[in-house]
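**Student:** Below is the structure, and that's it, no one-letter string:
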């Protein structure tokens, strides 16, 4: 498969920069895969797993918590709010976060913050599901 | 003429001071390395953010409704100045140079009859600005208890700024911080963040697909951009502070060394003078017999 340039940056650091064959991105309106010569797109991301395939045999998975995706003719850039390689995630930590989110949901007064908390809870649930397997 | 004992005491005290400044210099050097890596690691994100923002801004430029965070609310009567300084002193002219830049801006704005509001991040800048502009200062945000600055802290400040903007408390927001060039060069910088100054795009804009809608993306991207700029300011400032402290403490150590040398010379001279004087007294006493 043809390779293209991919960068994954979080505010703290540059996590990935190099050429890849395929990246699967958790877009806010559904997951999508980016291959070489993808049409230019700017999209927001929800929390989820970014799957980076450098080659057919070498795949890397990273958890991102929201952010932006910029696909242009120069390649793919992901601006993640937070990004952690899946291997470094800790199930116990995620469960603690889920607990936090549940409390947030109970405390939430306005519809807006309730929806936000529910979103977060759903995202964390997803991460837990991914980790569980 | 100080006695020998006085001189000895003075030398001892300068030596003690030198030890402290030397230790502070080494601590600052170690911290600087960490702060510098953090600042450099954060740069790619801010740069990509700028690029994405420029891409989108070029796309929406023609559209009817551009979010206020990007284009401003059309006024420039009330200015919010966010002044980033350090929590601790003994770092040379670091804080003063940021405050001086801010003060020039404030005076200029006040001269034009604008309203000025100040948000201080860091205690030192607050102490210096309070003397002159007490009634303009809204709040002091202290980050003293933090060991390392995380994006979360910057995000909190960013959210506060945006909240104030949405509450129509100001029209233009400028950040004041020190950009880290090298250990000996830190550049006090004023950076306007609201309305966002978008770097000019070279070449034809790419026609993007937006998912979700353009405006929806902008409304999430722009607040994020503010937080990122605040984060960058905090990190650059932290690195600059350590750099400034390191060079200040380096010159303090050198000064102390020079002072010790001078005092020791003086001490030895007066000791020799005393010995000579005593000898003369003994010899002339013996001759008189």
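**Tutor:** Here it is on my side, so go on. Please read all numbers here as calculations on a predicted model, not as lab measurements. Residues are numbered from 1 along each chain as shown, chains lettered A, B, ... in the order given.

**Student:** Run a quick neighbour tally on residue B:214.
**Tutor:** 17 (other C-beta atoms under 10 Å in any protein chain shown). C-beta coordinates here come from the backbone N, C-alpha and C atoms, glycine included.

**Student:** Would you confirm that it contacts residue B:56?
**Tutor:** Yes - contact criterion C-beta atoms under 8 Å: residue B:214 and residue B:56 qualify, at 7.0 Å.

**Student:** where along the chain do the strands fall?
**Tutor:** Chain wasn't specified; assuming chain A. Using DSSP state E, the strands assigned to chain A run over residues A:4-9, A:14-20, A:22-27, A:30-34, A:41-45, A:48-53, A:59-64, A:67-72, A:75-80, A:83-85.

**Student:** meant chain B, my bad for not saying
**Tutor:** For chain B, applying DSSP E gives strands covering B:78-84, B:115-121, B:137-141, B:172-180, B:186-194, B:209-211.

**Student:** looking at those strands, which has the lowest confidence?
**Tutor:** Looking at those, the lowest mean pLDDT belongs to strand B:209-211 (a mean of 80).

**Student:** Parallel or antiparallel, list what pairs with that one.
**Tutor:** strand A:41-45 (parallel) (DSSP bridges).

**Student:** and the partner strand, average pLDDT?
**Tutor:** Averaging pLDDT along strand A:41-45 yields 87.

**Student:** What lies in contact with that strand?
**Tutor:** A:25-29, A:32, A:64, A:66-71, A:78, A:80, B:52, B:55-56, B:208-212, B:216-217, B:220 (C-beta atoms under 8 Å, 6 or more residues apart in numbering or on different chains).

**Student:** Stretch B:212-224 too?
**Tutor:** With contacts defined as C-beta under 8 Å, 6+ apart, stretch B:212-224 is touched by A:28-29, A:42-44, A:68, A:81, B:49, B:52-53, B:56, B:59-60, B:63, B:65-67, B:69-70, B:158-159, B:162, B:196, B:210.

**Student:** on that earlier part again, mind checking which of the strands of chain A is nearest residue A:113?
**Tutor:** Among the strands of chain A, strand A:41-45 comes nearest to residue A:113, with 19.0 Å by C-beta to C-beta.

**Student:** what residue ranges in chain A score low on pLDDT?
**Tutor:** Counting by pLDDT under 70, the ranges of chain A that qualify are A:130-133.

**Student:** Filter the contacts of strand A:41-45 down to the buried ones.
**Tutor:** Neighbour-count burial (16 or more other C-beta atoms under 10 Å in any protein chain shown) applied to the contacts of strand A:41-45 gives A:25-28, A:32, A:64, A:66-71, A:78, A:80, B:52, B:55-56, B:208, B:210-211, B:217.

**Student:** quick one, what contacts residue A:81?
**Tutor:** Residue A:81 makes contacts with A:10-11, A:64-67, B:151, B:224, as judged by C-beta under 8 Å, 6+ apart.

**Student:** where does the residue in chain A sticking out farthest from the centre sit relative to chain B, distance-wise?
**Tutor:** The C-alpha centroid of chain A is most remote from residue A:109, which lies 28.1 Å away (C-alpha atoms, centre = their mean). To chain B, residue A:109 is 17 Å away according to C-beta to the nearest C-beta, to the nearest Å.

**Student:** Quick check: residues of chain B near chain A?
**Tutor:** Residues of chain B lying near chain A by C-beta under 8 Å from any C-beta of the partner chain: B:38, B:41-42, B:44-45, B:48-49, B:51-52, B:55-56, B:150-151, B:154, B:206-212, B:216-217, B:220-221, B:224, B:228, B:231.

**Student:** Around whatever residue of the stretch 1-150 of chain B ends up closest to chain A, how many other residues sit close by?
**Tutor:** In the stretch 1-150 of chain B, the residue found nearest to chain A is residue B:41; the distance is 4.0 Å by C-beta to the nearest C-beta. Using other C-beta under 10 Å, residue B:41 has 17 neighbouring residues.
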